[in-house]
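Q: here is my input; please provide its structure:
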Amino acid sequence: MNRDARVVSTLLELTDNLVDDYDVIDVLTVVSERCVELLDVAAACVTIAPDHDALHTVAVSSSAPTSDDILRLLAGEGPSLECYRSGRALTNVVLRRDDPRWPSFSSRALDLGFAMIHCLPLRLRGSNVGTLNLFATSDVAMDVTTLNVARGLADIATIAILQHRATLDASVLADRLSYVLNSRIAIEQAKGMVSQFVDCALDEAFDIVHEFAKRNSLRLTNVATSLVSRTLPLSALDASARS
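A: Next comes the predicted model:
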């Protein structure tokens, strides 16, 4: 399948998820995974700012070094926070240790093997809710067509978050942050468990969990939580993947 076909397939997959009582973490996790597949980047993650101050990472691609590394990388200074506060995209940003704007961020990102970052605001009609962050191990600039695909994925993430927020008032949304972060952790743990059980890469493990959830009309987060708690046996996913 060529990239154009994969882009169309991804957009259909994501928009199909934005119906009924969807789980926003499911959608944002799929966005992160598909960014890596379609945009030739090494890792991707989505951050949100429920309190309009600090950014919180709520979805990370399987290809990221580790979830904790990304959390530490995006804490404090950096292009992601600047992108969120300004509402402007920062693309094709080559990382340099002597960059006076974000010296700590740049050094940590380079130590993780990244050479370039792209940060896209999750913004719609003046409402800025977070960022989509793309990490590349090469400093080759992303072309206009690829950037447009990235913006499309960022727009879908924005719609998912804002549609989710529309059903909650600010106080309830703040209370749900712990649920959001715990959901991300459960998904990361489930991917690791499936990867070991099936003996496959983390991105393949994610697809197994995701497809099982879709096939059984379940939320990705609920499947992940059930796997981690052992109420859903790993063999159920393995059999599904091999059938």
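Q: how close does W102 sit to V93?
A: To V93, W102 is 9 Å away according to CB to CB, to the nearest Å. Any C-beta I mention is one placed from the backbone N, CA and C, and that applies to glycine too.
Q: in stretch 195-204, what's buried?
A: Neighbour-count burial for stretch 195-204, counted by 16 or more other CB atoms under 10 Å, picks out S195, F197, V198, L202.
Q: quick one: common contacting residues for W102 and V93?
A: Taking CB atoms under 8 Å, 6 or more residues apart in numbering as the contact rule, W102 and V93 both touch P79.
Q: just to revisit the earlier point, return the item of the buried residues of stretch 195-204 having minimum pLDDT.
A: pLDDT across the buried residues of stretch 195-204 is lowest for L202, at 84.
Q: how about the contacts made by the closest residue to that one other than its chain neighbours?
A: Leaving aside its sequence neighbours, L202 sits nearest to S62 (CB to CB, 6 or more residues apart in numbering; 3.6 Å). By CB under 8 Å, 6+ apart, the residues touching S62 are E33, V36, K191, A201, L202, D203, A205, F206.
Q: sort those by pLDDT and name the bottom one.
A: Among the contacts of S62, D203 has the lowest pLDDT, at 81.
Q: and the pLDDT for the residue lying closest to R3 once chain neighbours are set aside?
A: Among residues not flanking R3 along the chain, L38 sits closest, at 6.5 Å (CB to CB, 6+ apart). Note for L38: predicted pLDDT of 90.
Q: tell me the buried residues in the host helix or strand of E13?
A: Per DSSP states H and E: E13 is located in helix 3-17. For helix 3-17, burial by neighbour count (16+ other CB under 10 Å) applies to V7, T10, L14, N17.
Q: for these, which one is nearest A43?
A: Proximity of those to A43 (CB to CB) peaks at T10, which lies at 17.2 Å.
Q: now for that closest one: which residues touch it?
A: Counting by CB under 8 Å, 6+ apart, the residues that T10 touches are R34, E37, L38, L153.
Q: okay, the residues you listed in JSON lines with secondary structure and neighbour count next?
A: Shown next, in JSON lines, are these (DSSP: H, G, I helix; E, B strand; the rest coil; neighbours: other CB atoms under 10 Å):
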{"residue": "R34", "secondary structure": "helix", "neighbour count": "22"}
{"residue": "E37", "secondary structure": "helix", "neighbour count": "17"}
{"residue": "L38", "secondary structure": "helix", "neighbour count": "19"}
{"residue": "L153", "secondary structure": "helix", "neighbour count": "25"}
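Q: of all the residues you listed, which two lie farthest apart?
A: Largest pairwise distance in those, by CB to CB, is 10.6 Å, between E37 and L153.
Q: which SSE is immediately downstream of the lowest-mean-pLDDT helix or strand in the chain?
A: Ranked by mean pLDDT, DSSP states H and E, the weakest helix or strand in the chain is helix 170-175, scoring a mean of 48. Where DSSP H and E defines the elements, the next helix or strand beyond helix 170-175 is helix 177-198.
Q: may I have that following helix as CSV, with CA atoms only?
A: Below are the C-alpha coordinates for helix 177-198, written out as CSV (Å, rounded to 0.1, in the frame of the first residue of the first chain):
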residue,chain,number,x,y,z
LEU,A,177,-6.6,13.9,34.2
SER,A,178,-5.5,11.1,36.6
TYR,A,179,-7.7,8.7,34.6
VAL,A,180,-6.1,10.0,31.3
LEU,A,181,-2.6,9.5,32.6
ASN,A,182,-3.4,6.1,34.1
SER,A,183,-4.9,5.0,30.8
ARG,A,184,-1.7,5.9,29.0
ILE,A,185,0.3,3.9,31.5
ALA,A,186,-2.0,0.9,31.1
ILE,A,187,-1.7,1.0,27.3
GLU,A,188,2.1,1.1,27.6
GLN,A,189,2.2,-1.8,30.0
ALA,A,190,-0.2,-3.9,27.9
LYS,A,191,1.9,-3.3,24.8
GLY,A,192,5.0,-4.6,26.6
MET,A,193,3.1,-7.7,27.9
VAL,A,194,1.8,-8.6,24.4
SER,A,195,5.2,-7.9,22.8
GLN,A,196,6.8,-10.4,25.2
PHE,A,197,4.0,-13.0,24.9
VAL,A,198,3.8,-12.9,21.1
